[in-house]
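J.: Here is the input, now give the coordinates:
(chains A, B and C)
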Amino acid sequence: MPELPEVETVRKTLTKLILDKTIENITVYWPKIIKNPLEVEQFIDALKGERIVDIGRRGKFLIIYTKKYALVSHLRMEGKYGLYQKSEPFDKHTHVIFHFTDDTELRYRDVRKFGTMHLYVKGEEFAREPLVHLGPEPFSADFTVDYLQTKLSKTNRKVKPALLDQKLLVGLGNIYVDETLFRAGIHPERLASSLTKKEIFLLHREIVATLSEAVEKGGSTIRSYVNSQGEIGMFQLELLVYGRKDEECKRCGRTLIKTTVGGRGTHYCPHCQKLKL
DNA sequence: AGAGGTTCTCGGGCGC
DNA sequence: TGCGCCCGAGAACCTC
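T.: Residues are numbered from 1 along each chain as shown, chains lettered A, B, ... in the order given. Prediction:
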């Protein structure tokens, strides 16, 4: 599900729902989701009595702040947060419940159980896994054309796997990387180090543009994504290549192709994105 | 039946 | 031989 635009949308909607609520207790049904502290009891005890004071985001990670702690949460493929009345029944994919002092509770649901949670004392979170080695935010001043140029020139990988690496840049996932490469006219299997200065400039511009347009539209709903208020995104209507195998390229009219690159399903236009050598 | 929006771990290959 | 880095493959889990 969630790449940067979806996580940013979850951050905004979840803030409206749980800001200022106080955690009375927590129930953990699938302890493997909690990666730090190792003991689930410690996780629960730490957060008891804590009030939600802010919700942030770093790349695809959500950071729920209480007065003392930072809860770093990754939704991976299918993780979802939702606010429910305590009286509502919960399904078998609900793995963590944060019981608030009012009659509501925050439920974490995750069909594939890939999601993770790390709890740290506030201020330590950026110096620890999983945030410590992340690359720059695409909307930050650190993410410049020169930075992208330097990084791509130093790797032997193909451009698509390079851009999916969150150490190079945070936020891109399989959907937005395919969209970005199409918009920049770059074949996903080009060697990253072979890109020209002009191509890097276009790539940088389209990374920022694609992600910011997607944030404005509330993300993309492909299979199951909904924000914390249960609403779908709208950017899937703007997708130019992702999920459009065998359909017409909106730029040149030829047939779009789907292959595998770096083990990931990859959509592109063989005419607009040439694999020059 | 196999792929699926993610990322961690592991092992092979290579250079020093 | 050893170490460290880089990279790709496989694994984590469930649904359709």
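J.: Every contact and neighbour count from this point should use C-alpha atoms.
T.: Will do.
J.: what's next to the strand or helix carrying residue A:53, contact-wise?
T.: For residue A:53, the host element (DSSP states H and E) is strand A:52-58. Counting by CA atoms under 8 Å, 6 or more residues apart in numbering, strand A:52-58 makes contact with A:7-8, A:11, A:14-15, A:18-23, A:62-67, A:131, A:137, A:170, all of which sit outside it.
J.: After it, which helix or strand is next?
T.: Of the helices and strands lying after strand A:52-58 in sequence (DSSP H and E), the nearest is strand A:61-66.
J.: got the angle for the next helix or strand after that following strand vs strand A:61-66?
T.: Scanning forward in sequence from strand A:61-66 by DSSP H and E, the next helix or strand is strand A:69-74. In terms of direction (axes from the mean of the first three to the mean of the last three CA atoms, to 10 degrees), strand A:69-74 departs from strand A:61-66 by 160 degrees.
J.: Return the list of helices and strands in contact with strand A:69-74.
T.: strand A:61-66, strand A:116-121 (3 or more CA pairs under 8 Å, 6 or more residues apart in numbering; DSSP states H and E).
J.: which residues are contacting the last one?
T.: Residues from elsewhere that reach strand A:116-121 (CA under 8 Å, 6+ apart): A:33-37, A:43, A:68-76, A:125, A:130.
J.: Partner strands of the strand holding residue A:53, with direction?
T.: strand A:61-66 (antiparallel) (DSSP bridges).
J.: and the angle from the strand it pairs with to strand A:116-121?
T.: 40 degrees.
J.: Please save the CA atoms from strand A:61-66 in CSV.
T.: Extracted as CSV, the C-alpha positions of strand A:61-66 are listed here (Å, rounded to 0.1, in the frame of the first residue of the first chain):
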residue,chain,number,x,y,z
PHE,A,61,7.3,5.9,8.4
LEU,A,62,4.6,7.4,10.6
ILE,A,63,5.8,8.8,14.0
ILE,A,64,3.2,9.0,16.7
TYR,A,65,4.5,11.3,19.4
THR,A,66,3.4,11.3,23.0
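J.: And for it, what's in contact with it?
T.: Residues from elsewhere that reach strand A:61-66 (CA under 8 Å, 6+ apart): A:7, A:11, A:50-57, A:70-75, A:122.
J.: List the residues that contact the residue nearest to residue A:81 when sequence neighbours are not counted.
T.: Leaving aside its sequence neighbours, residue A:81 sits nearest to residue A:108 (CA to CA, 6 or more residues apart in numbering; 4.8 Å). By CA under 8 Å, 6+ apart, the residues touching residue A:108 are A:79, A:80, A:81, A:82, A:94, A:95, A:96, A:97.
J.: From the contacts of strand A:116-121, list the buried ones, please.
T.: A:33-36, A:43, A:69-76, A:125, A:130 (16 or more other CA atoms under 10 Å).
J.: Name the pair among these with the greatest separation in space.
T.: A:69 and A:76 (21.8 Å; CA to CA).
J.: could you give the mean pLDDT of stretch A:88-103?
T.: The average pLDDT for stretch A:88-103 rounds to 93.
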